[in-house]
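Next one to model:
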Amino acid sequence: MRIYPAFFRVVFSGMDPEKAHQIGFRLIRLAESTGASAVLRRITRPHPSLRRTVMGIDFPSPFGLAAGFDKEGHGIPALADLGFGHIEVGTITGRAQPGNPKPRLFRLVDDRAVINRMGFNNDGADAVAPRIRSARPVLSERFGATRPVVGINIGKTKVVELADAVGDYLASTRALAGQADYLVVNVSSPNTPGLRLLQGIDTLRPLLAAVGREADATAGRHVPLLVKIAPDLADADVDDVAALVLELGLDGIIATNTTIARTGLVTVPDRIREYGAGGLSGAPLKKRSLEVLRRLRSTLPAGTAVVSVGGVETAADVRERLDAGADLVQGYTAFLYEGPFWAWRINRGLRRALASR
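Predicted coordinates for the structure are as follows:
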């Protein structure tokens, strides 16, 4: 089960990171389409002791896959077979877009990190919605009542002006809310020009209120709504967003997205400058992500969910986030380094920790 890091060094480390991601994802989907992952499902399925109810939803495990890995809903059942308690699809935009020019994904192996400036490359909400719709009954058939949860993360189309952002988010909401177990408004990626300006309270308030109303109306039920924030927000701004979440009655916050900071890295500065702009994810985010989690949890009541993401690599990391007040924990970057049994190892570690208490 631990041979993957060696396999990564030999096969993937010298390959273009985006190409390596595409190949790895195809292999995961191939295992599912040929039936091979049915064996994995029996091994990796989270133990019933890990179940928890968050936002009124039953999660088979508190640990899930963050948005960014499956941007377009191509591999939801395949990823579920690896043991993730939830899969967050996206970021999806109202219109199809190719994303930023390549190369746009870079590994910092010594830092266990990644820099990306993908730019929300996806087929658009109308194309992605049928894929998610078809995946949900597959999950129910395979896993039963406590199936892996499907979250949907939406963002702004690049060519849409900030003044028209609400309408763009609403187009995605109308297409996708009916397929979402929960919905996330992403205003914190550094790779869409101006997007982070939407984190300002005066612009964020009408956006979240409109998306919440539209989501519930479209789905004919309450769709839990969360907002995803950046680690680069000042503490006072984090407090303001938390207050807004309470004011609007949102279901939660996802903290945090990637960072534009480049401090404390082992990778030589010349290499980092060569890679250029983009969001940094992985182990270097651990400290700030944990700080934001603790700040949010000290402010928000127990009924408001906090989903912690950033620098999560091990079961001990997940336990630390849960002990600090996270309701759910997500990871992504370590998946690239640890391989397909990563979620299984984390769930196994969580079960052992629970049993030892």
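
Report the next helix or strand after the helix-or-strand element of the chain with minimal mean pLDDT in sequence order.
Least confident element among the helices and strands of the chain, by mean pLDDT, DSSP states H and E: helix 4-7 (a mean of 58). Heading C-terminal from helix 4-7, the first helix or strand you meet, by DSSP states H and E, is helix 17-33.

how about that next one: buried residues?
Going by neighbour count (16 or more other CB atoms under 10 Å), the buried part of helix 17-33 is 17-18, 20-21, 24-25, 28-29, 31-32. The way it works is simple: take the backbone N, C-alpha and C, and place the C-beta from them, glycine included.

what residue ranges in the stretch 51-200 of the chain score low on pLDDT?
For the stretch 51-200 of the chain, applying pLDDT under 70 flags the ranges 191, 193-194.

change it to 50
Filtered on pLDDT under 50, the stretch 51-200 of the chain yields no residues whatsoever.

quick one: the helices in it?
76-80, 125-143, 165-176 (DSSP state H, counting those that start in this stretch).

quick one: which of the ones you listed is nearest Lys228?
Of all the helices of the stretch 51-200 of the chain, helix 165-176 sits nearest to Lys228, with 12.8 Å by CB to CB.

counting contacts, what elements does that closest one pack onto?
Helix 165-176 sits against helix 125-143, strand 149-154, strand 182-186, helix 201-219, with contacts defined as 3 or more CB pairs under 8 Å, 6 or more residues apart in numbering; DSSP states H and E.

quick one, what contacts Gly178?
Applying CB atoms under 8 Å, 6 or more residues apart in numbering, we find Gly178 in contact with 129, 133, 218-220.

out of those, who's nearest His47?
Among those, Arg133 lies closest to His47 (CB to CB), at 29.3 Å.

Provide a list of residues in contact with the closest one.
By CB under 8 Å, 6+ apart, Arg133 lies in contact with 178-179.

before we move on, back to that, ranking the contacts of Gly178 by neighbours, who comes first?
Ala129 (21 neighbours; other CB atoms under 10 Å).

What sits closest to that one if chain neighbours are left out?
Closest residue in space to Ala129, ignoring its immediate chain neighbours: Ala175 at 4.8 Å, by CB to CB, 6 or more residues apart in numbering.

go on, Thr53?
Take Thr53 and drop its neighbours on the chain: the residue closest to it by CB to CB, 6+ apart is Phe59, 7.3 Å away.

before we move on, back to that, same list (the helices and strands packed on helix 165-176) but as JSON lines, adding distance to Leu290.
What follows is the helices and strands packed on helix 165-176, written out as JSON lines (distance: least, CB to CB, whole Å):
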{"stretch": "helix 125-143", "distance to Leu290": "31"}
{"stretch": "strand 149-154", "distance to Leu290": "22"}
{"stretch": "strand 182-186", "distance to Leu290": "20"}
{"stretch": "helix 201-219", "distance to Leu290": "24"}
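
Of the ones you listed, which is nearest Arg348?
Comparing the helices and strands packed on helix 165-176 by CB to CB, helix 125-143 comes nearest, at 18.0 Å.

and the angle for the closest one with helix 17-33?
Taking axes from the mean of the first three to the mean of the last three CA atoms, to 10 degrees, one finds helix 125-143 and helix 17-33 inclined to each other by 40 degrees.

still on that earlier bit, export the helices of the stretch 51-200 of the chain to TSV and tack on distance to Val89?
Shown next, in TSV, are those (distance: least, CB to CB, whole Å):
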stretch	distance to Val89
helix 76-80	7
helix 125-143	6
helix 165-176	9
